[in-house]
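K.L.:
here are the coordinates; sequence isn't available:
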């Protein structure tokens, strides 16, 4: 059996940096030219504008903000077109001013399938990229515990829920949290005991579970939601945890690929930011990545040796004792997607940066 089924990760995920123009701007992705992004997550690197997320299921100009609980907002001058090799933005400063970064995932090129409400099970639309292990699910709640078929090749290990029509938190589940816990993307809090969040039932190979109206973060009656769900793909994506040692010679985390994107969060305690690293933003020509952004904050890019990590051919290594990423005796969750697999399907190894 081949090591990976994804020899070119840029077909499914890419990080992109570009300079804003404050006008109509067609942004072309750098890797595989056939990748139409279906989830685009923007952050202005220089100025304190909110993280903005657009997806092709909700449609152009429909923004959500990962650092606040705001309802879905129509930003007429935001992302105005999904294109076969990128997207178009216009004059909104949060997506097209100063130095910008965006992270792009492919689902099904905007082509959705409908599923109908059945008993307590919500109805809505889904688009799935099985090769990349990613689904976008837009649904309407029923107010009673139910199931949503996710379409992924295996049980999802990283799930983000956001209610679109009310100011509920970004409720997330990660495989390392276990049953009856969530973690909130717009917060510095660690994991939170919440049995009703996913009806005390882990997702399986077919379904994601949602709770009842007592937990409006996932399934209030007639409420509208967006759900982003990922399952692991060997050599392309991995979702796990590590234990901090409080040393500049920090833990090495094996992923099985050279990461293009890493999202970290201390899950065992409160008060620490989420941290995003990628293969495009670094002052170093070597393995060190020294620039981070925070999904829970509108702050500009964090450029400080306190947050250094090494991106390696088969994983990443913490190079800081900073509490946000490597406090001794604490647990951190991570989500990572590949720049290159450690070994391709034909046996060709990759190298570090």
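P.N.:
Right, received. Where do you want to start? Computed from a predicted structure; not experimentally measured.
K.L.:
Report the separation between residue 160 and residue 228.
P.N.:
Remark: distance between residue 160 and residue 228 (C-beta to C-beta, to the nearest Å) = 4 Å. In this view, the C-beta of every residue, glycine as well, is placed from N, C-alpha and C.
K.L.:
Show me where the protein dips below the pLDDT cut-off.
P.N.:
Residue ranges of the chain with pLDDT under 70: 1-2, 32-33, 283-285, 351-353.
K.L.:
the helices in it, which residues?
P.N.:
Taking DSSP state H to define them, one finds helices in the chain at 93-96, 323-326.
K.L.:
Tell me which of those helices approaches residue 265 most closely.
P.N.:
helix 323-326 (8.9 Å; C-beta to C-beta).
K.L.:
who touches the closest one?
P.N.:
Contact with helix 323-326 is made by 244-247, 250-251, 264, 266, 272-273, 275, 306-307, 309, 318, 320, 330, 332, as judged by C-beta atoms under 8 Å, 6 or more residues apart in numbering.
K.L.:
Of those, just the buried ones, ChimeraX syntax please.
P.N.:
With 16 or more other C-beta atoms under 10 Å as the criterion, this ChimeraX line picks the buried residues out of the contacts of helix 323-326:
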select :244,245,250,251,264,266,272,273,275,307,309,318,320,330,332
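K.L.:
From the contacts of helix 323-326, which land in strands?
P.N.:
Among the contacts of helix 323-326, the members found in strands (DSSP state E) are 264, 266, 275, 309, 318, 332.
K.L.:
so how far is residue 93 from the last one?
P.N.:
Taking C-beta to C-beta as the measure, residue 332 and residue 93 are separated by 32 Å.
K.L.:
can you check the second one too?
P.N.:
In this structure, residue 266 lies at 31 Å from residue 93, with C-beta to C-beta as the measure.
K.L.:
Could I get the contacting residues of the residue of the chain most remote from its centre?
P.N.:
Most distant from the centre of the chain: residue 119, at 30.6 Å, with distances by C-alpha atoms, centre = their mean. With contacts defined as C-beta under 8 Å, 6+ apart, residue 119 is in contact with residue 146.
K.L.:
phi, psi of it?
P.N.:
With angles defined as degrees, to the nearest 10, residue 119 sits at phi 60, psi -120.
K.L.:
leaving aside the residues next to it on the chain, what's closest to residue 282?
P.N.:
Among residues not flanking residue 282 along the chain, residue 289 sits closest, at 4.6 Å (C-beta to C-beta, 6 or more residues apart in numbering).
K.L.:
isn't residue 11 right next to residue 106, touching?
P.N.:
Yes: with contacts counted by C-beta atoms under 8 Å, residue 11 reaches residue 106, the gap being 7.0 Å.
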